[in-house]
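1. A structural model of the following input is requested.
(one chain, ligands or ions: 1)
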Amino acid sequence: MAEKMETLKTARGVSKARISGLARDMARRATRHVPPRFLEAYVFFPCVTLIFLLVFWCSVAYTIRMEYETAVSAAAESSRQLADTYEAQAVRNLAEIDRTLKMVAYAYAMKGDHALEEMEDRQMLPPAIVFHVAIATSRGEVIASSRKLPEPRVGSEPFFKAMSGNGGDALFIGQVERNAGSGAPEIVFSRRLADASGRFAGIVMLTVDPSYFASAYDAAQMGRHGFLGLLGTDGIMRVERVGDDISWGAAVAVPPARGVSGKPGVMPWDAGVARFTNVRALHGFPLVAIVGLSREEALSRFRRDRQLYVLSSAAGSMLLLVLTAILSAKSWALARDRARTEERIRHMATHDALTGLPNRSLLRDRLDQELEHAQRHGYAVTVVFIDLDNFKLINDSLGHRAGDELLKAVSSRMRSCLRQADTVVRLGGDEFVLVLGNESADGPGAYLAIERVREAISEPVELVGQTYQVTCSMGMASYPIDGNDAETLLSHADAAMYRAKEVGRNNSQWYRPEMNARLRDRLRRQKQLGEALARDQFRVVYQPQVDARTRNILGVEALLRWDHPADGPISPMTFIPLAEETGLIVPIGEWVLRSACRQGVRWRRAGLPPVRISVNVSARQFLHDGWAQTVASALEDSGFDARHLELELTESLIMQDLDRCVQTMKRLQDMGVRFSIDDFGTGYSSLSALKHLPIARLKIDKSFIRELPQREDDRAIVMAVISMSRRLNLNVIAEGVETQAQVDFLCENGCDEIQGYYFSRPLTPAEIGAMLAVQPTVASAREDA
Ligand SMILES: Nc1nc2c(ncn2[C@@H]2O[C@@H]3COP(=O)(O)O[C@H]4[C@@H](O)[C@H](n5cnc6c(=O)[nH]c(N)nc65)O[C@@H]4COP(=O)(O)O[C@H]3[C@H]2O)c(=O)[nH]1
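-> Sure, this is the predicted structure:
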């Protein structure tokens with residue numbers, strides 16, 4: 001039974017503890033699986049993407065570089081091959097021209113003036129459409145020409161002058177000149193003619209259009225900006241061709257004999273256009289062949305490919321960046337949600353779900369921090385244990401929802417009357433702990449704060465439409481006086497709180513060393529109390545309630561006794577509050593009720609007159625669901641007449657929840673059960689409320705009887721209660737009557753019944769049986785019945 005009670009009592013606490021345990025577990029698990037920050041997808045993806053893009057663009061740059069070098073070397077190679085071809089072609093053409101001049105010179109020596117005519121007839125001359133061959137005398141008169149047009153005199157021409165002087169017999173290649181007759185540009189190749197004695201006899205000339213030497217220009221290979229040219233070693237360009245443009249006569253510096261260019265550059269004849277240029281000195285001729293390929297054209301394909309490559313790579317990179325951004329954004333959102341969930345779980349693990357206050361698991365952290373701070377700066381820290389006095393009752397009677405409302409209200413009041421730096425913790429149930437830090441060791445701060453909290457808690461609170469007042473018991477322990485560490489301070493504050501409860505609730509107690517021993521005792525008692533029912537250590541004694549006039553026993557009050565095997569009899573004043581607090585009063589009270597009912601039946605069966613039995617009922621019992629059912633079952637099981645059963649309720653019990661109380665009372669009244677109000681005068685019963693209650697008797701508390709008849713105010717109260725009962729048509733009984741004077745006073749003032757040591761102490765059932773057996777009549781009891 002005790003176990004069952006403990007289970008009932010802690011059911012909510014356990015489930016809350018289990019929830020917060022679960023939350024802690026979830027928090028642990030959640031944090032255990034959290035990857036390091038750099039492995040979070042929203043960091044990892046961009047990093048991997050950036051590294052990938054870096055590598056990718058390095059490889060793009062490398063590939064472009066390689067492509068460029070391939071394109072450059074291909075262009076250089078192409079330029080070299082073209083130069084080879086051009087060189088060979090130019091040398092062949094020049095050699096042909098020179099051979100023609102030599103043949104004409106020979107024929108002139110053999111045949112005289114008709115040599116040219118004869119060679120022409122024999123088709124020994126190159127095609128006249130391109131080449132013109134002529135012979136001039138030593139005076140410069142043209143005496144034979146393959147050209148039909150009359151040849152001008154050439155005596156003044158530079159080539160003639162050059163030949164007529166000491167020119168030797170080498171081939172002379174003139175500069176490009178305009179023909180005096182036709183105006184067409186021409187290059188004159190000439191050789192010296194000598195007479196038999198070797199004197200200058202004239203010259204043989206071959207003129208050709210300079211474009212003849214540029215005809216090798218192949219636009220398919222050289223593009224529109226390729227360069228093809230023949231440069232005289234005298235620095236005068238004989239012909240140069242760029243695309244379709246042919247020109248001559250430019251004076252440029254003569255390049256090295258064999259210039260091979262692997263790289264593009266701008267040569268003196270290039271007019272700013274960079275080219276892959278190859279220069280070849282023509283063997284045996286005073287000429288240099290030049291071939292140049294425009295860099296722009298040679299690398300245009302590479303440039304196109306490069307652009308395409310860069311654009312497609314950039315597009316790919318952009319796509320990748322966009323995808324990464326989307327993934328990262330999603331992952332970031334997920335991570336943020338997860339972080340919020342973790343935060344929520346962490347909060348759940350460290351805070352109480354109902355009140356939002358820090359819970360037990362955070363208490364140690366906060367307290368340790370405060371102590372560390374206090375040790376460093378010489379401050380005091382006060383730990384306050386708080387337990388609401390009537391919480392269990394309100395929770396049981398008004399329901400959990402009202403209990404929750406009360407806890408929330410109390411929590412926010414406590415929070416609002418403390419500093420931000422102070423900690424308010426809900427341990428579970430109706431237990432709270434305050435940690436008041438930063439107190440100067442001898443200042444009044446903690447006292448004032450504790451008083452503020454006590455007052456705030458006891459402010460009236462509205463629950464299910466009614467106003468209630470809740471008080472609390474507080475226990476305090478301070479660093480450094482009462483302990484140096486969290487463990488000690490908490491246990492000392494707890495012990496002080498228990499002391500506050502013992503002293504009578506609604507008060508606060510500072511820790512004193514002897515409290516610990518008391519607390520240990522109390523816990524031991526609590527455990528023993530839980531086992532007492534099962535070990536059959538309880539018994540019930542009965543105290544007679546006698547008629548004030550006739551002194552006949554009208555009823556008996558059932559009073560519980562606990563015979564502890566080791567400690568002897570234990571007073572109900574000690575163990576009943578403990579049983580109420582732990583909830584054990586419910587099964588214990590039921591046992592008393594059943595015992596009393598059974599005893600009543602036993603007396604009847606023994607042939608004794610019927611007697612009223614009053615049973616004390618505590619609030620927790622009475623407001624417990626199913627109490628009426630328990631009474632009905634006790635009556636039925638024992639067969640005791642309900643009309644002889646009286647339940648003693650206290651004023652405070654009734655006032656806790658008047659409506660509910662009235663409801664239960666009415667149900668029991670319908671069965672025949674009666675009620676008396678115990679300890680009348682000690683509470684604050686509303687008289688108008690009493691009028692509506694199905695009450696048979698008022699019991700004047702013994703505290704008003706003790707000093708009767710001497711004390712005036714007690715006299716006044718007793719008389720007032722008796723006269724009020726008269727008016728309300730209620731029976732009055734005085735308890736704790738010990739003296740004749742008290743009896744006289746009560747009788748004189750019309751008290752109906754009397755209970756007290758004056759007549760009898762509480763007795764065993766057998767002793768009561770014996771008393772009843774000798775009693776002449778039990779008129780009142782019978783009347784009542
Ligand atoms: N000084 C003095 N005292 C007298 C005199 N006559 C009777 N008493 C004592 O006064 C108490 C009367 O009970 P109570 O007011 O209901 O007060 C009771 C009642 O509140 C509680 N109690 C006892 N038995 C039960 C029980 O079965 N159920 C519940 N709920 N409470 C119980 O324990 C309290 C104390 O019970 P007890 O120690 O038995 O103390 C009894 C009784 O022994 C007298 O002339 N002078």
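2. quick check: residues of this structure near the ligand?
-> Selection of the chain residues close to the ligand by C-beta under 6 Å from any ligand atom yields 543, 559-560, 571-573, 576, 589, 592, 616-618, 678, 702, 735-738, 756-757, 762. In this view, the C-beta of every residue, glycine as well, is placed from N, C-alpha and C.
3. pLDDT weak spots in the stretch 101-250 of the chain?
-> Counting by pLDDT under 70, the ranges of the stretch 101-250 of the chain that qualify are 149-152, 166-168.
4. the residues of the chain next to the ligand, buried ones only, as a ChimeraX selection?
-> A single ChimeraX command is used to select the members of these judged buried by 16 or more other C-beta atoms under 10 Å:
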select :543,559,560,576,589,592,616,617,618,678,702,735,736,737,756,762
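5. sitting in helices, which of the residues of the chain next to the ligand do you find?
-> P572, M573, I576, G589, V592, K702 (DSSP state H).
6. quick one, domains of this structure?
-> 100-298, 353-525, 538-784 (automatic domain parsing).
7. which stretch among those comes nearest A61?
-> Proximity to A61, assessed across the domains of the chain by C-beta to C-beta, is greatest for domain 100-298 (19.8 Å).
8. report the two of the ones in helices among the residues of the chain next to the ligand separated the most.
-> In those, two members sit farther apart than any others by C-beta to C-beta. They are G589 and K702, at 21.4 Å.
9. got the contact list for the one helix or strand M414 maps to?
-> Using DSSP states H and E, M414 sits within helix 400-416. In this structure, residues lying in contact with helix 400-416 by C-beta atoms under 8 Å, 6 or more residues apart in numbering are 12, 354-357, 386, 388, 391, 394-395, 424, 426, 430, 432, 434, 453, 456-457, 459, 461, 463-464, 468, 470, 472.
10. hmm, 7 Å instead?
-> Outside of helix 400-416, the residues within contact range by C-beta atoms under 7 Å, 6 or more residues apart in numbering are 354-355, 357, 388, 391, 394-395, 424, 426, 430, 432, 453, 456-457, 459, 461, 463-464, 470.
11. show the buried residues in these.
-> Applying a neighbour-count criterion of 16+ other C-beta under 10 Å, the buried members of the contacts of helix 400-416 are 355, 357, 388, 391, 394-395, 424, 426, 430, 432, 453, 456-457, 461, 463, 470.
12. mind listing what's buried in stretch 619-628?
-> A619, R620, Q621, F622, L623, H624, W627, A628.
13. show me the contact partners of that stretch.
-> Counting contacts by C-beta under 7 Å, 6+ apart, the residues outside stretch 619-628 that touch it are 392-393, 396-397, 580, 583, 585-586, 589, 649, 653, 656-657, 660, 664, 667-668.
14. in strands, which of those residues appear?
-> Those of those mapping onto strands are L649, per DSSP state E.
15. circling back to that earlier point, looking at the buried ones among the contacts of helix 400-416, which are in helices?
-> F391, I394, N395, V453, A456, I457.
16. sorry, back to before: adding distance to V91, write the domains of the chain out as CSV.
-> Below are the domains of the chain laid out as CSV (distance: least, C-beta to C-beta, whole Å):
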stretch, distance to V91
domain 100-298, 5
domain 353-525, 100
domain 538-784, 126
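17. for these, which one sits closest to A90?
-> Closest approach to A90 among the domains of the chain (C-beta to C-beta): domain 100-298, 5.0 Å.
18. how far does the closest one sit from the chain's center?
-> Computed by C-alpha atoms, centre = their mean, to the nearest Å, the separation of domain 100-298 from the middle of its chain amounts to 90 Å.
19. next one: stretch 45-60
-> For stretch 45-60, the distance between its averaged C-alpha position and the chain's averaged C-alpha position is 30 Å (C-alpha atoms, centre = their mean).
20. avg pLDDT for that stretch?
-> Mean pLDDT, stretch 45-60: 93.
21. just the C-alphas of that stretch, formatted as PDB.
-> Output of stretch 45-60 as PDB, limited to C-alpha atoms (Å, rounded to 0.1, in the frame of the first residue of the first chain):
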ATOM      1  CA  PHE A  45      29.900  22.300 -50.600                       C
ATOM      2  CA  PRO A  46      31.200  25.800 -51.300                       C
ATOM      3  CA  CYS A  47      34.700  24.800 -50.100                       C
ATOM      4  CA  VAL A  48      34.700  21.700 -52.400                       C
ATOM      5  CA  THR A  49      33.200  23.800 -55.200                       C
ATOM      6  CA  LEU A  50      35.900  26.500 -54.800                       C
ATOM      7  CA  ILE A  51      38.700  24.000 -54.700                       C
ATOM      8  CA  PHE A  52      37.200  22.300 -57.700                       C
ATOM      9  CA  LEU A  53      36.800  25.600 -59.600                       C
ATOM     10  CA  LEU A  54      40.400  26.500 -58.700                       C
ATOM     11  CA  VAL A  55      41.700  23.200 -60.000                       C
ATOM     12  CA  PHE A  56      39.400  23.400 -63.000                       C
ATOM     13  CA  TRP A  57      40.400  27.000 -64.000                       C
ATOM     14  CA  CYS A  58      44.100  26.100 -63.500                       C
ATOM     15  CA  SER A  59      43.600  23.200 -65.900                       C
ATOM     16  CA  VAL A  60      41.700  25.500 -68.300                       C
END
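22. buried residues in that stretch?
-> F45, P46, T49, L53, V60.
23. can you give me the buried ones in the longest strand along the chain?
-> Of all the segments of type strand in the chain, defined by DSSP E, the longest one is strand 553-564. Neighbour-count burial for strand 553-564 flags I553, L554, G555, V556, E557, A558, L559, L560, R561, W562 (criterion: 16+ other C-beta under 10 Å).
24. what sits against the residue minimising distance to the centre of the chain?
-> For the chain, the residue sitting closest to the mean C-alpha position, by C-alpha atoms, centre = their mean, is A339 at 1.4 Å. Shown in contact with A339 (C-beta under 7 Å, 6+ apart): no residues.
25. element containing E707?
-> Short version, using DSSP H and E: E707 is in no helix or strand.
26. that one is in contact with I717, isn't it?
-> No: with contact defined as C-beta atoms under 7 Å, E707 and I717 do not form a contacting pair (11.0 Å).
27. quick one: which of the two has more around it?
-> Remark: of E707 and I717, I717 carries more neighbours, 18 against 13, as counted by other C-beta atoms under 10 Å.
28. now do the same contact list for S331.
-> E40, A41, Y42, F45.
29. quick one, strands of the stretch 651-785 of the chain?
-> Assigned strands in the stretch 651-785 of the chain, in chain order: 674-680, 697-700, 731-735, 753-755 (criterion: DSSP state E, counting those that start in this stretch).
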